[in-house]
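Student: Using only what follows, build the 3D model:
(chains A and B)
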Protein chains: 2
Amino acid sequence: LTVPTRTLADVGEVGFLSALLPGLRTGPGTLVGPGQDCAVIRCGNRRWLFTVDALVAGVHFKPAWMSPRQIGRKSFLVNASDVAAMGGRPRFCVVSLGVPSAYRSRDLFALQDGIVAAARDCGASVVGGNLSRAAELFVSIALLADAPKRIVTRRGARPGDRVYVTGTLGDAAAAVRLLGAGGSERRAVPLIRRFCEPAPRLHAGRILVESGIVSAMIDVSDGLLQDLARVCDESGVGARVHAGQVPLSPAYRRILGGSDALALHGGEDYELLCTVPERNVKRLERTRARLGCPITLVGDITAGRGVRLVGNDGRTLRLHSAGFDHFRSPS
Amino acid sequence: LTVPTRTLADVGEVGFLSALLPGLRTGPGTLVGPGQDCAVIRCGNRRWLFTVDALVAGVHFKPAWMSPRQIGRKSFLVNASDVAAMGGRPRFCVVSLGVPSAYRSRDLFALQDGIVAAARDCGASVVGGNLSRAAELFVSIALLADAPKRIVTRRGARPGDRVYVTGTLGDAAAAVRLLGAGGSERRAVPLIRRFCEPAPRLHAGRILVESGIVSAMIDVSDGLLQDLARVCDESGVGARVHAGQVPLSPAYRRILGGSDALALHGGEDYELLCTVPERNVKRLERTRARLGCPITLVGDITAGRGVRLVGNDGRTLRLHSAGFDHFRSPS
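Tutor: Numbering: from 1, shown residues only, chains lettered A, B, ... in the order given. Here you go, the predicted structure:
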């Protein structure tokens, strides 16, 4: 970032964000500042989570892939997933819409219905908004949530901790590949549903945080390996992932066979990735049935830096690619 | 809005918003919901204001008109103006950026600096954000503010109340006209500065609310007559504006002479428009010196509906046009 004429395409989202974050100084009342899934702010004797996320047409989806209602739903749910990663309860959101002039008002009502319904499903309400004209549709939602008593960020992982993920990985990335190829085979339906209507792990996230079981947590929005690398960078540790242990859905297996590349690198699964100190593993086992979703051991935290992928024989595998980067990935 | 294939260009922003708002049901803890300058939410025994606003390149400005730093500053300040209209103190914001791949990283740093500096100037901090690729630059900011003890919305105007505005009107609209014509005459500089760097009336807004002087308030973002019409619609009253009393800046008078069309209809002044019951007028006069800006009587609230513009002779003048509508105004 020393050459001032470099563009975002040169620098990439990750490079830019890491250079940008130190420039943000936060004031009184900020308990956790930028760079986590949510900020934590103090309000009197309470603490709130505060986060923002956007969906942009042509970047996060092609309009033909999703109904307006699904676009609305997903715009809320990706925020709820950030709240899930810190164990919070969504409460209030404001919506910023950018809409092309030729957009049909019927579609905009459906989009709003999707936002409102998803918010309600998660216990939140839409308290305000803004509507602007824009060349391409965008939906940006800022969400406030009740914070849990215990704050878990990406920073608490320690060598020896186990790495777990909820649910299954790779379905959303597989759906994007199928949708991009114009495919709409029947067996792809469960994958496409996962891309279009993510299910944030709010309940599991709350239990994992409130029980004190996890040392660090993040939601898997940019791919398992990339999001785990974020946890490692923030915590000053490394990690080892066992490729053969990454949980795959039946639909993913049927369509992609044994290839785990999308499960390792693909974004938008909105599962939770957490680290669990060894002393808490038994408690995790006792809690497992209450989570409402599977949780799978995929690796462990190591000393040093970087994420290593190992095969069933314990040998290090080469990583094919990085996760999703807005400004560098082909679209 | 009964014909489902109508587009936003047909329906207009105002028409759409008025049809959309009833679809929003808010939950517990929402003291004031959508449709005001800010929502008011409860947090324990405290109350917060919550608002969102966006600037979109090609809609709110042409990139050549403003430096990246100014774009960042203004993105924050338009939100602060919504907080000013309800007498709050800005505290925490999250930023959602949509940025073209070819945008220079140097410019994005400057844009961020502008946001952070404007937030700091207003007593707030940037606690989180999101960066996405987008076809056109957009900056959407959601802002939380401490609410004052007394809640003032657009709903409290009563017949007989006086209508006041802070500062002067029309400068920003005059700047847009000059910038659009490619003009950069020296005498236009104060006008262009007002467009590029609005000065939200936070201090005046707090005093007007906390003193209990005003019955309703709104910030003038879409033009005096349009924003006054919003107050009237929400309050179920009408209003009369004396065209000759609308405050104009020296720069506006020099360039536009006596024409008050831009002062009446032009948006983006970010002044405060408030209504003051007659019994409070003397207190307003005593408070005037503390506001930090001029405040001018421009009309009064009447029974009935609609906003009437009257000339010096008391006769009703014809209104030339509506205020700014994203989906209907030529751009």
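Student: Disregarding flanking residues, what is the spatial nearest neighbour of the residue in the stretch 151-300 of chain A positioned nearest to chain B?
Tutor: The nearest approach of the stretch 151-300 of chain A to chain B comes at residue A:221, 10.7 Å away (C-beta to the nearest C-beta). The C-beta positions use only the backbone N, C-alpha and C, and glycine is treated the same way. Closest residue in space to residue A:221, ignoring its immediate chain neighbours: residue A:267 at 5.8 Å, by C-beta to C-beta, 6 or more residues apart in numbering or on different chains.
Student: What count of nearby residues applies to that neighbour?
Tutor: 22 (other C-beta atoms under 10 Å in any protein chain shown).
Student: wait, it sits on residue A:224?
Tutor: No - taking contacts as C-beta atoms under 8 Å, residue A:267 lies outside contact range of residue A:224: 9.4 Å.
Student: what helix or strand does the residue nearest to residue A:221 sit in?
Tutor: Per DSSP states H and E: residue A:267 is located in neither a helix nor a strand.
Student: Next up, phi/psi of it, please.
Tutor: Backbone geometry at residue A:267, expressed as degrees, to the nearest 10, gives phi -90, psi -180.
Student: Tell me which residue is most central in chain A.
Tutor: Against the mean C-alpha coordinate of chain A, by C-alpha atoms, centre = their mean, the closest residue is residue A:221 at 2.9 Å.
Student: wait, isn't that one in contact with residue A:78?
Tutor: Yes - taking C-beta under 8 Å as the definition, residue A:221 is a contact partner of residue A:78 at 7.1 Å.
Student: list the residues that contact both of those two?
Tutor: Both residue A:221 and residue A:78 are in contact with residue A:270, where contact means C-beta atoms under 8 Å, 6 or more residues apart in numbering or on different chains.
Student: Buried residues of stretch A:122-139, list them for me.
Tutor: For stretch A:122-139, the neighbour count (16 or more other C-beta atoms under 10 Å in any protein chain shown) marks A:122, A:124-139 as buried.
Student: of all of chain A, which residue lies closest to chain B?
Tutor: For chain A, C-beta to the nearest C-beta, closest residue to chain B: residue A:142, 3.2 Å.
Student: Surely that residue touches residue A:90?
Tutor: No - counting by C-beta under 8 Å, residue A:142 stays clear of residue A:90, with 11.4 Å between them.
Student: In terms of packing, which of these two has more residues around it?
Tutor: residue A:142 (30 against 27).
Student: tell me what the helix or strand harbouring that one is packed against?
Tutor: In this assignment (DSSP H and E), residue A:142 forms part of strand A:138-146. Packing partners of strand A:138-146 (3 or more C-beta pairs under 8 Å, 6 or more residues apart in numbering or on different chains; DSSP states H and E): strand A:46-56, helix A:68-84, strand A:89-99, helix A:105-121, strand B:46-56, strand B:89-99, strand B:138-146.
Student: Next, report how far that strand is displaced from the centre of its chain.
Tutor: 14 Å (C-alpha atoms, centre = their mean, to the nearest Å).
Student: Stretch A:126-138 too?
Tutor: Worked out by C-alpha atoms, centre = their mean, stretch A:126-138 lies 22 Å from the chain centre.
Student: Next: stretch A:301-317.
Tutor: 23 Å.
Student: Give me the residues contacting that stretch.
Tutor: Here stretch A:301-317 makes contact (C-beta under 8 Å, 6+ apart) with A:157-163, A:225, A:228-229, A:232-233, A:235-244, A:264, A:275, A:319.
Student: Those: which ones sit near chain B?
Tutor: Filtering the contacts of stretch A:301-317 for proximity to chain B (criterion: C-beta under 8 Å from any C-beta of the partner chain) leaves nothing.
Student: Strands - which of the residues you listed land there?
Tutor: A:162-163, A:238-242, A:275 (DSSP state E).
Student: so which of those residues would you say is closest to residue A:38?
Tutor: Taking C-beta to C-beta as the measure, residue A:38 lies nearest residue A:275 of those, at 17.9 Å.
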